[in-house]
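Participant: Okay, structure incoming, though there's no sequence with it:
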């Protein structure tokens, strides 16, 4: 790409601003080999023009991040914010699972970078989909002793089918899987409720207790795979919450086979805070946030 003098760049910026064409400003970054100062000038001009016009179709975020990478390097503490949740590379991280879930829900309007520069970056959809499918598989593995075996084996097969269907963008197959899993979710909900009622009435029947825990695990497992059916890049927040809820059947199946241990009892015992899930969930979020910087901004640098 050809270099451009500061004077030539200012003329092109002025022309784009006069024409009220944010896209023309954005195009300058790819048309010229800009210096750091020039890149920052174009980025700020795009911010100002978008503010003036009240539009955001041509996002200056990538330009601002490219400039920040050039000025500070990739090792600078990058901070992303979502509501009250904040994640800083190399800094203090969210301490509750609720904070992590809030960051995971950023898919709907992009990632808000607040330092070292204010910018909004696109949600890394492909990576988020891969991580969601992998996390659903991990949950099925964790539920291996607390899930109806027939249901779990079917879900493992459908999860493999989902990977294939998403890779091929096979919408017909995805619709078939979605319909099958919705029927299975309704059945699992009904059976889990019936089994819990029977175990509660008997109180100390190991067989009924084990069956109730297994169907509660199955209910959650179906919802996890269903969350990945149509839009897996949106599923991480829901999956983190399902992993929290799955603490109950996993714990009960291991420790409470001989006496009935209900979800209400688990809530009373503060079993479901999910603090132990935070490190793994944060590692997933960290991969997404780093990808938003490295995979998006660096190739066009």
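Facilitator: That came in fine, so what should we check first? Just so you know, these numbers come straight off a predicted model, no measurement behind them.
Participant: where's residue 113, which helix or strand?
Facilitator: Taking DSSP states H and E as the criterion, residue 113 maps to strand 111-115.
Participant: can you give me the mean pLDDT across that strand?
Facilitator: For strand 111-115, mean pLDDT rounds to 90.
Participant: Return the set of buried residues in that strand.
Facilitator: 111, 112, 113 (16 or more other C-beta atoms under 10 Å). Quick note: C-beta positions are derived from backbone N, CA and C, even for glycine.
Participant: got it, and stretch 156-163?
Facilitator: 158, 159, 161, 162, 163.
Participant: And the residues you listed, which is closest to residue 277?
Facilitator: Distances from residue 277 to the buried residues of stretch 156-163, taken as C-beta to C-beta, are shortest for residue 159 (19.9 Å).
Participant: Could I get the phi/psi values of that closest one?
Facilitator: The phi/psi pair for residue 159 (degrees, to the nearest 10) reads phi -70, psi -40.
Participant: you'd agree it is up against residue 136?
Facilitator: Yes: assessed by C-beta atoms under 8 Å, residue 159 is found in contact with residue 136 at 6.1 Å.
Participant: what residues do these two have in common as contacts?
Facilitator: Jointly contacting residue 159 and residue 136 under the rule C-beta atoms under 8 Å, 6 or more residues apart in numbering are 225, 228.
Participant: So in that sheet, which strands flank the strand holding residue 113, and in what orientation?
Facilitator: Applying DSSP bridges to the sheet, strand 111-115 is found paired with strand 79-82 (antiparallel), strand 119-121 (antiparallel).
Participant: quick one on the thing from earlier: from the buried residues of stretch 156-163, which ones fall inside helices?
Facilitator: The helices, defined by DSSP state H, take in 158, 159, 161, 162, 163 from the buried residues of stretch 156-163.
Participant: what does the strand holding residue 113 contact?
Facilitator: Contacts for strand 111-115 (C-beta under 8 Å, 6+ apart): 61, 65, 77-82, 86, 88, 106, 119-123, 288-289, 292-293.
Participant: How about stretch 21-39?
Facilitator: Contacts for stretch 21-39 (C-beta under 8 Å, 6+ apart): 1-4, 6, 9, 12-13, 15-17, 42-43, 45-46, 49-50, 53, 55, 57-58, 60, 63, 66-67, 70-71, 300.
Participant: Of all the residues in it, which ones are buried?
Facilitator: For stretch 21-39, using 16+ other C-beta under 10 Å, the buried residues are 22, 24, 25, 26, 28, 29, 32, 34, 38, 39.
Participant: Quick check: end-to-end length of stretch 100-117?
Facilitator: 22 Å (C-alpha to C-alpha, to the nearest Å).
Participant: thinking again about what came up before, which member of the ones in helices among the buried residues of stretch 156-163 is positioned nearest residue 218?
Facilitator: Using C-beta to C-beta, residue 158 is the member of these that sits closest to residue 218, with 13.1 Å.
Participant: The closest one is in contact with residue 179, isn't it?
Facilitator: No: using C-beta under 8 Å, residue 158 makes no contact with residue 179, being 11.6 Å away.
Participant: how close does the closest residue to residue 16 other than its chain neighbours sit to residue 30?
Facilitator: The shortest distance from residue 16 to any non-neighbouring residue, by C-beta to C-beta, 6 or more residues apart in numbering, is to residue 24 (3.8 Å). Here residue 24 is placed at a distance of 11 Å from residue 30 (C-beta to C-beta, to the nearest Å).
Participant: which residue ranges form the helices in the stretch 201-301 of the chain?
Facilitator: Along the stretch 201-301 of the chain, counting by DSSP state H, counting those that start in this stretch, helices occupy 206-227, 236-255, 263-268, 278-297.
Participant: for those helices, which one ends up most surrounded?
Facilitator: Ranked by mean neighbour count, the helices of the stretch 201-301 of the chain are led by helix 206-227 with a mean of 24 (mean count of other C-beta atoms under 10 Å).
Participant: now for that helix, which elements pack on it?
Facilitator: Here helix 206-227 touches helix 125-142, helix 149-168, helix 171-202, helix 236-255, going by 3 or more C-beta pairs under 8 Å, 6 or more residues apart in numbering; DSSP states H and E.
Participant: Which secondary structure elements does the third one sit against?
Facilitator: It refers to helix 171-202. Applying 3+ C-beta pairs under 8 Å, 6+ apart, one finds that helix 171-202 makes contact with helix 149-168, helix 206-227.
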